[in-house]
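**Q** what's the 3D shape of this:
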Amino acid sequence: MNYKRFNNTIVVRIDKGEEILEELTRICKEEQVKLANVNALGAVGEFTVGLFDTSKKEYYSRDYKGEFEIVSLTGSVTSMDGKVYNHIHMSAGDIENKVYGGHLSRAVVSATCEMFIHVVDGEVDRKLNEDIGLNLLDLR
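**A** Numbers count the residues shown, from 1 in each chain. Reported below is the predicted structural model:
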């Protein structure tokens with residue numbers, strides 16, 4: 001992984017074999033990012049995405065392996081309990097142009113991933129909402 005910061009934008013190249021969320025977290029720690037918007041594209045060889053079932057308050061995830069192009073990777077960086085908190089969604093397409101996506105839990109780069117982290121001056125924390133079962137933005 002390699003990155004370069006331009007004022008409030010960090011341009012990142014994540015390399016083959018590296019895990020996207022691990023690298024995003026590492027950059028945010030190194031650069032002291034507390035609030036940001038993230039978008040990326042590239043290729044992955046394996047990834048895990050899921051769906052949160054609001055009635056059961058539970059994530060259902062599925063693993064994918066093969067050759068996939070990242071159609072869209074977008075999300076936010078905030079904090080919770082003093083730690084970096086990433087909320088990222090990803091869609092990836094296969095050779096037949098079938099697209100799979102959802103809440104991203106894991107993604108290993110197969111060629112490259114080009115990411116832009118747009119840093120926002122400020123900090124937003126998250127707090128567990130018991131009724132919904134998710135860590136929501138705490139905008140107090």
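**Q** Could you give the bridge partners of the residue nearest to the spatial centre of the chain?
**A** The chain has Ile88 as the residue nearest its centroid, 3.2 Å off, counting by CA atoms, centre = their mean. Per DSSP bridges, the residues bridged to Ile88 are Gly75.
**Q** Find the nearest non-adjacent residue to Leu134, please.
**A** Counting by CB to CB, 6 or more residues apart in numbering, Phe52 is the residue found nearest to Leu134 once chain neighbours are left out, at 6.6 Å. For glycine as for every other residue, the C-beta is placed from the backbone atoms N, C-alpha and C.
**Q** other SSEs contacting the helix or strand hosting the one you found?
**A** Secondary structure from DSSP states H and E places Phe52 in strand 36-53. Counting contacts by 3 or more CB pairs under 8 Å, 6 or more residues apart in numbering; DSSP states H and E, strand 36-53 is packed against strand 9-15, helix 20-30, strand 58-80, strand 83-93, strand 99-119.
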